[in-house]
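Asks: Show me how the following folds:
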Amino acid sequence: MGKQSWKPGNMLNPVPAVMVSCADREGKPNIITIAWAGTVCTNPPMVSISVRPTRYSYDMIRETGEFVINLVTEPLTRACDYCGVVSGRDVDKFAKTGLTPIPVEGVSVPGIAESPVSIACRVVEERALGSHTMFLAEVVGVTADDRYLDETGRFDINGTGLIMYSHGEYFGLGRKLGKFGYSVQKKPKRRRK
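Replies: Down below sits the predicted model:
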């Protein structure tokens, strides 16, 4: 098997595709599609997003210190793509996509009603890294769609139809391959009758 050495580049794929909602100080909302978002810490719950300083939403997030990460399902893929290629300087993305802004507890910026999960975030650190600035944020609230609660009240995030982004393409999540710890899980002993 042959291997090649390439120049350094970000080849970490796939990643979640999310729509990040934000607003300016006057309350004018916008949506930016982000593929560089991730979990940073469990306690306190923290996430990060990376945004190019040239993006319209960049100054909104810097000014207010707030944003909402809205998870994207397969039916939201077209809106997600649209919000990533059209600038909020030129168009009202909520109006154009038909998405519904909703209040999200913990922040003054809206979430997206059609998203199964909206994660309210407050920026705690901003770090210029080169082409992008990373916003490190504490999660201050989560809004979840109760359509995805099972009979025990457990939220079935894997049943929402989330999408991933990989090198310029969107994909639905595939079949389940295992669960955390399955590689070391002992098989149950069969009872003898």
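Asks: where along the protein do the helices fall?
Replies: 56-64, 77-85, 93-97 (DSSP state H).
Asks: Pipe those helices into a markdown table and attach mean pLDDT, mean neighbour count and distance to residue 188 per row.
Replies: All C-beta atoms are positioned from the backbone trio N, CA, C, and that covers glycine. Compiled in a markdown table, the helices of the chain are given as follows (pLDDT from 0 to 100; neighbours: other Cβ atoms under 10 Å; distance: least, Cβ to Cβ, whole Å):
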| stretch | mean pLDDT | mean neighbour count | distance to residue 188 |
| --- | --- | --- | --- |
| helix 56-64 | 98 | 19 | 49 |
| helix 77-85 | 98 | 18 | 40 |
| helix 93-97 | 98 | 17 | 48 |
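Asks: do you know which of the ones you listed lies nearest residue 134?
Replies: Residue 134 lies closest, by Cβ to Cβ, to one member of the helices of the chain: helix 56-64, at 11.2 Å.
Asks: Please work out the angle formed by the directions of that closest one and helix 77-85.
Replies: Helix 56-64 runs at 80 degrees relative to helix 77-85, counting by axes from the mean of the first three to the mean of the last three Cα atoms, to 10 degrees.
Asks: Would you enumerate the residues in contact with residue 135?
Replies: Residues near residue 135 by Cβ atoms under 8 Å, 6 or more residues apart in numbering: 48-51, 61, 67, 123, 125-126.
Asks: Is it bridged to anything, and to what?
Replies: residue 49, residue 126 (DSSP bridges).
Asks: Enumerate the positions of stretch 38-56 that are buried.
Replies: Using 16 or more other Cβ atoms under 10 Å as the test for burial, stretch 38-56 gives 46-51, 55-56.
Asks: actually stretch 108-119, sorry about that
Replies: 109-112, 114-119.
Asks: and which of those is nearest residue 36?
Replies: Among the buried residues of stretch 108-119, and counting by Cβ to Cβ, the member closest to residue 36 is residue 119, at 15.2 Å.
Asks: quick one: that closest one from residue 55, how far?
Replies: Distance from residue 119 to residue 55, counting by Cβ to Cβ, to the nearest Å: 19 Å.
Asks: just the strands in the chain please.
Replies: Taking DSSP state E as the test, the strands found in the chain are 15-16, 18-23, 29-34, 37-41, 46-51, 66-71, 101-102, 111-112, 117-128, 133-144, 163-166, 169-172.
Asks: could those strands be laid out in JSON lines, adding distance to residue 191 and mean pLDDT?
Replies: Listed next are the strands of the chain as JSON lines, based on distance: least, Cβ to Cβ, whole Å; pLDDT from 0 to 100:
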{"stretch": "strand 15-16", "distance to residue 191": "43", "mean pLDDT": "95"}
{"stretch": "strand 18-23", "distance to residue 191": "47", "mean pLDDT": "98"}
{"stretch": "strand 29-34", "distance to residue 191": "51", "mean pLDDT": "98"}
{"stretch": "strand 37-41", "distance to residue 191": "41", "mean pLDDT": "96"}
{"stretch": "strand 46-51", "distance to residue 191": "46", "mean pLDDT": "98"}
{"stretch": "strand 66-71", "distance to residue 191": "42", "mean pLDDT": "98"}
{"stretch": "strand 101-102", "distance to residue 191": "51", "mean pLDDT": "98"}
{"stretch": "strand 111-112", "distance to residue 191": "50", "mean pLDDT": "98"}
{"stretch": "strand 117-128", "distance to residue 191": "41", "mean pLDDT": "98"}
{"stretch": "strand 133-144", "distance to residue 191": "39", "mean pLDDT": "97"}
{"stretch": "strand 163-166", "distance to residue 191": "42", "mean pLDDT": "96"}
{"stretch": "strand 169-172", "distance to residue 191": "40", "mean pLDDT": "95"}
